[in-house]
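S.K.: Attaching a predicted model along with its sequence, questions to come.
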Amino acid sequence: MNKLASTLLFAACMACAAPGAHAAVASDRQGMHQWPALNGRLILVNGTYQDILKYERTLTFYFESKPGADWVHVPVVTSNDDQRLTWFSASVGEQTLADAVVVAVPGGVELVVAATKPGDPAPITVRWYRLTESDDNHPDGPPYAFRKISSTSYPASAKLTVEQVLKKEVAAKSKK
């Protein structure tokens, strides 16, 4: 296949993979997804590892500043000392311990992560991250990153699963 045909095929595939505005993409939606963001496009590649004891879903983010430019990794900055190039969900048996959803919001793209500890029921921590460019506050960091914008917690008494909390958080964000 010649280069032009390959490029056109790739562009058509990307157009089909692009979620609409305000679309949420959960970690179980495998494949490549994209959003216009920060005068370029954010690209997400979702994958899965599974065996008889556990499954892990992976979210790897890239940013392309213009068509044909290098894809630059977009880490999830979890603290001043920790950033992850690929985010992994976690499970034990049938219980999901951590999972994430990417949400297109007016003015940007956000990542919501919900996590808990093994046991039933257990508190669930929720963290929201926003796709940002490096700035004066982060001059030595990556050019693009997901940085934490808020966090909250659901008590064990709520008796919710990670999946239920994510659905609730995304629904609340969509109403704003």
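M.R.: Sure, I can see it. What you are looking at is a predicted structure, and each value in this text was computed from that prediction instead of being measured. Numbering: from 1, shown residues only.

S.K.: got the residue ranges for the helices in this protein?
M.R.: 3-17, 162-175 (DSSP state H).

S.K.: and the shortest one, which residues are buried?
M.R.: Think helix 162-175. 162, 165, 166, 167, 169, 170, 173 (16 or more other C-beta atoms under 10 Å). Glycine gets a C-beta too; all of them are placed from N, C-alpha and C.

S.K.: Next one: the third one relative to residue 62, how far apart?
M.R.: It refers to residue 166. From residue 166 over to residue 62 the distance is 23 Å, taken as C-beta to C-beta, to the nearest Å.

S.K.: right, and residue 33 touches residue 59 too?
M.R.: No. In this structure residue 33 lies outside contact range of residue 59 using C-beta atoms under 8 Å: 9.7 Å.

S.K.: Between these two, which contacts overlap?
M.R.: 44, 45, 46, 102 (C-beta atoms under 8 Å, 6 or more residues apart in numbering).

S.K.: give me the low-pLDDT residue ranges for the protein?
M.R.: 1-22, 176 (pLDDT under 70).

S.K.: ok so, going back, and the shared contacts of residue 33 and residue 59, which two are furthest apart?
M.R.: Comparing all pairs in these by C-beta to C-beta, the longest separation belongs to 45 and 102, at 11.4 Å.

S.K.: Neighbour count for the two, which is higher?
M.R.: residue 102 (26 against 16; other C-beta atoms under 10 Å).

S.K.: thinking again about what came up before, what touches both of residue 45 and residue 102?
M.R.: 33, 59.

S.K.: Now tell me what touches stretch 58-74 from outside.
M.R.: 27, 37-49, 75-76, 85-89, 100, 102, 111, 131, 142-146.

S.K.: Now list the buried members of the residues you listed.
M.R.: Of these, these count as buried by 16+ other C-beta under 10 Å: 27, 37-38, 40-46, 75-76, 87, 89, 100, 102, 111, 131, 142, 144-146.

S.K.: Inside strands: which ones of the residues you listed?
M.R.: Judged by DSSP state E, strands contain the following of the buried ones among the contacts of stretch 58-74: 37, 40-46, 76, 87, 100, 102, 111, 131, 144-146.
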